[in-house]
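Peer 1: Sequence and predicted structure are below.
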Amino acid sequence: MKFCSICIHQKEDMRKGIVCELTDSIADFENTCHSFAEDPEIIEQLKLTEIKNEVITNMTSQGKRFLNYLLDMAFIMIFIFIFAIIVGIVLALVAHSSLSDLGDDTKLVEYIISFMGICIYYVIFEAITGRSIAKYITKTKVVNEVGEKPTFNMILVRTICRFIPFEAISILFNDGSCWHDSISKTKVVNI
C-alpha cells in the first residue's frame, strides 16, 4: 500500500479504499509493482506536510513568547524615544513654525510617532533577519509555515496585526500562536 499511496495510477474507491486505476483492484503484489510510477505532486505534498509538522514541533513556548514581548516592549520604548528625538530635531530644522502650531495636539503626534516607531522596529529587524532584538536574546526567529524566511509582505502584515485590540492575549486562545502569526501565516520557532 505504501507504493499505491504515491503512485500516479491510484484512485479512491468508496468500498475498497485506494485501488489501482489500471486493474481496478487493491494491490496484490509482494515487493514491486510493474506499473508503479511515482507521482511527483504527491511526493511534494508529503514533503511539505513533513516540513510543516517539523516547524510546528519546533514552535516556541508561550513563556518564551511572553519574554519576547516584554523585552521587545522595553527595546521599542528606547527606540521610540530616540526616534522621537530625531523627528523633533528634523522638524525643528525643517518646519520650525509647524511645531508651534501643534500646541495641545501633542497626543496625536505621540500616537503617530509611536505607531511609526513600532512599525519601523519590527519591519526592519524581522524583514532583514527574521528576528527582533528580543528574539536574538531568546534564540528564536520568525519563519513562514514551511520554515523559510518570511516575505516582506508577511512581515508587514505581521507588524500591522500587532495593533489589533487584545492581540497580545490571543496567544492564550490558540495553539501557541498569536493573531499576528496566524493572519500573516508565520510561526516563531526555536533556533
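Peer 2: Alright, I've got the coordinates. Residues are numbered from 1 along each chain as shown.
Peer 1: Identify the residue nearest residue 72 in space, chain neighbours excluded?
Peer 2: residue 134 (4.3 Å; CB to CB, 6 or more residues apart in numbering). Yep, even glycine has a C-beta here, placed from its N, CA and C like the rest.
Peer 1: ah, wrong one, I meant residue 83
Peer 2: Once flanking residues are discounted, residue 83 sits nearest to residue 117: 4.6 Å by CB to CB, 6+ apart.
Peer 1: cool, residue 16 as well?
Peer 2: Distances taken as CB to CB, 6+ apart place residue 26 nearest to residue 16, at 5.6 Å, with adjacent residues excluded.
Peer 1: and the gap between the one you found and residue 65?
Peer 2: According to CB to CB, to the nearest Å, residue 26 stands 47 Å off from residue 65.
Peer 1: for residue 48, same thing?
Peer 2: As judged by CB to CB, residue 48 and residue 65 stand 25 Å apart.
Peer 1: Comparing those two, which shows the higher neighbour count?
Peer 2: Taking neighbours as other CB atoms under 10 Å, residue 48 and residue 65 compare with residue 65 leading, 20 against 12.
Peer 1: which ones are touching that one?
Peer 2: 171, 176, 178, 188 (CB atoms under 8 Å, 6 or more residues apart in numbering).
Peer 1: For residue 24, give me its contacts.
Peer 2: For residue 24, the contact set (CB under 8 Å, 6+ apart) comprises residue 13.
Peer 1: ignore the last one, residue 22
Peer 2: 9, 35.
Peer 1: Please state the offset of stretch 58-72 from the chain centre?
Peer 2: 14 Å (CA atoms, centre = their mean, to the nearest Å).
Peer 1: got it, and stretch 125-141?
Peer 2: Stretch 125-141 has its C-alpha centroid displaced from the chain centroid by 12 Å (CA atoms, centre = their mean).
Peer 1: Also stretch 50-59?
Peer 2: Worked out by CA atoms, centre = their mean, stretch 50-59 lies 13 Å from the chain centre.
Peer 1: quick one: the strands in this protein?
Peer 2: With DSSP state E, the ranges of strands along the chain come out as 10-13, 17-20, 140-144, 186-190.
Peer 1: average model confidence for the first one?
Peer 2: Okay, so that is strand 10-13. Averaging pLDDT along strand 10-13 yields 76.
Peer 1: And for residue 150, nearest residue in space, chain neighbours not counted?
Peer 2: Closest residue to residue 150 apart from its sequence neighbours, by CB to CB, 6+ apart: residue 144 at 4.7 Å.
Peer 1: Okay, and the beta partners of that neighbour?
Peer 2: Per DSSP bridges, the residues bridged to residue 144 are residue 186.
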